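Enquirer: Predicted model and sequence follow; I will ask about them next.
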Amino acid sequence: MLIALDIGNTAVTYGISEKGRLKSFGSCLFFDIPKLIKICSRGGKTNEINVIISSVVPKNTHKIESILRNKKRIHLWIAGKNLSVPVKTKYHPNQLGVDRLVNAYGGIRLYRLPLLIIDFGTAITFDYVSKSGVFEGGMIVPGPELSFQALIQKAALLPKKARLPHKSPSFLGRSTLDCLKSGILEGYGSMTDELVARFKKRFGANLKVIATGGFAKHLKPHIQSVDRIEPKLSIKSLLLLSKTLPTKL
């Protein structure tokens, strides 16, 4: 059995695989990870469990290491630490988040190149992989949740209990809340389309564009430039990376 965990700043995405097939996919809070692993270890049909992690939160990575270090039958693999991610890159090696590298690894193997991967998380990353499979670099933009929360906290008359919108009732808002909903969705949608257009102008119109991350599906109706929305990209990438493990799964 394999448990793949993508630990982000806001949430954790997980996938559970048996015999190379993804059996379960979802998201949870970081503090639910030990419970998830415990349930899997009880119901597992094999004697060994491999846990493979991609994490951008070092303190949470250390906590998981401490919890699982002496557990029998459980083998912990951390991308970028005891499990290398074989992707050629021109990015500064000490500044590239392993989540971006893992997504690039999966993207190279799942899609045609050149490729632009857009990850809508706490931050939005735009990552360009060339036709030769080299991670050339990208962009980082504050994500919708960050922008939305900053706005309602700093503007005195905006509703403090408002939540990040997942859909908008109309393009033209006629209440403060509806204006916020339309502004976030249409604003980030149009920003994405324009940045994709600029990437294509520089790197070619044949650039394949993949969107992932928790907010991608909510922006889908407001984006015209994305070829495919793949919420499971990080987990699929970890499953592909697991094939390089030195132990048999």
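Expert: Noted; the coordinates are in hand. Computed from a prediction, not measured in an experiment: that's the story for all the values here.
Enquirer: Poorly predicted segments of this structure, please.
Expert: Within the chain, the set of residues satisfying pLDDT under 70 comprises 43-47, 247-249.
Enquirer: longest helix of it?
Expert: Scanning the chain for the longest helix, with DSSP state H as the assignment, gives helix 176-203.
Enquirer: Tell me the buried residues in that helix?
Expert: For helix 176-203, the neighbour count (16 or more other C-beta atoms under 10 Å) marks 178, 180-186, 188-189, 192, 195-196, 199-200, 203 as buried. Glycine gets a C-beta too; all of them are placed from N, C-alpha and C.
Enquirer: so where do the helices sit in this structure?
Expert: Using DSSP H, helices in the chain cover 33-43, 58-68, 98-110, 144-154, 176-203, 216-219, 233-242.
Enquirer: Pull out the buried residues from the first one.
Expert: Using 16+ other C-beta under 10 Å as the test for burial, helix 33-43 gives 33, 36-37, 40-41.
Enquirer: May I ask which two of those are separated the most?
Expert: Spatially, the most separated pair among the buried residues of helix 33-43 is I33 and S41, at 12.5 Å (C-beta to C-beta).
Enquirer: Quick one: residues in contact with stretch 60-68.
Expert: 5, 7, 30, 33-34, 37, 51, 53, 55, 74, 76, 78 (C-beta atoms under 8 Å, 6 or more residues apart in numbering).
Enquirer: at 7 Å what do you get?
Expert: Residues from elsewhere that reach stretch 60-68, judged by C-beta atoms under 7 Å, 6 or more residues apart in numbering: 7, 30, 33-34, 51, 53, 55, 74, 76, 78.
Enquirer: now those residues: which count as buried?
Expert: Listed as buried from these are 7, 30, 33, 51, 53, 55, 74, 76, 78; burial here means 16+ other C-beta under 10 Å.
Enquirer: Spatially, which two of those residues are the most separated?
Expert: F30 and I74 (17.6 Å).
Enquirer: Pull the number of nearby residues for the nearest residue to L233 once chain neighbours are set aside.
Expert: The shortest distance from L233 to any non-neighbouring residue, by C-beta to C-beta, 6 or more residues apart in numbering, is to T212 (4.0 Å). Counted with other C-beta atoms under 10 Å, the neighbours of T212 add up to 28.
Enquirer: My guess is T212 contacts D119. True?
Expert: Yes. In this structure, T212 is within contact of D119 by C-beta atoms under 7 Å, at 5.2 Å.
Enquirer: tell me the centre residue of the chain?
Expert: Closest to where the C-alpha atoms of the chain average out (C-alpha atoms, centre = their mean) is G213, at 4.4 Å.
Enquirer: which residues touch that one?
Expert: 119-121.
Enquirer: got a winner among those for most neighbours?
Expert: That'd be D119 among those, by other C-beta under 10 Å, with 27 neighbours.
Enquirer: what's the domain layout of the protein?
Expert: 2-84+236-242, 88-231 (automatic domain parsing).
Enquirer: distance between the ends of the first one?
Expert: Start and end residues of domain 2-84+236-242 are separated by 8 Å (C-alpha to C-alpha, to the nearest Å).
Enquirer: which residues do T212 and D119 both contact?
Expert: In contact with both T212 and D119: N103, using C-beta under 7 Å, 6+ apart.
Enquirer: hang on, the earlier thing: pick out the most distant pair among the buried residues of helix 176-203.
Expert: Pairwise distances among those were taken by C-beta to C-beta; the largest, 37.2 Å, belongs to D178 and F203.
Enquirer: Now do the contacts for L177.
Expert: Taking C-beta under 7 Å, 6+ apart, one finds 159, 162 in contact with L177.
Enquirer: my bad, should have said F120
Expert: 143, 211, 213-216, 219 are the contacts of F120 under C-beta under 7 Å, 6+ apart.
Enquirer: show me what contacts the residue nearest to L116 when sequence neighbours are not counted?
Expert: Leaving aside its sequence neighbours, L116 sits nearest to V209 (C-beta to C-beta, 6+ apart; 4.8 Å). When contacts are counted by C-beta under 7 Å, 6+ apart, V209 touches 116, 118, 196, 225-227.
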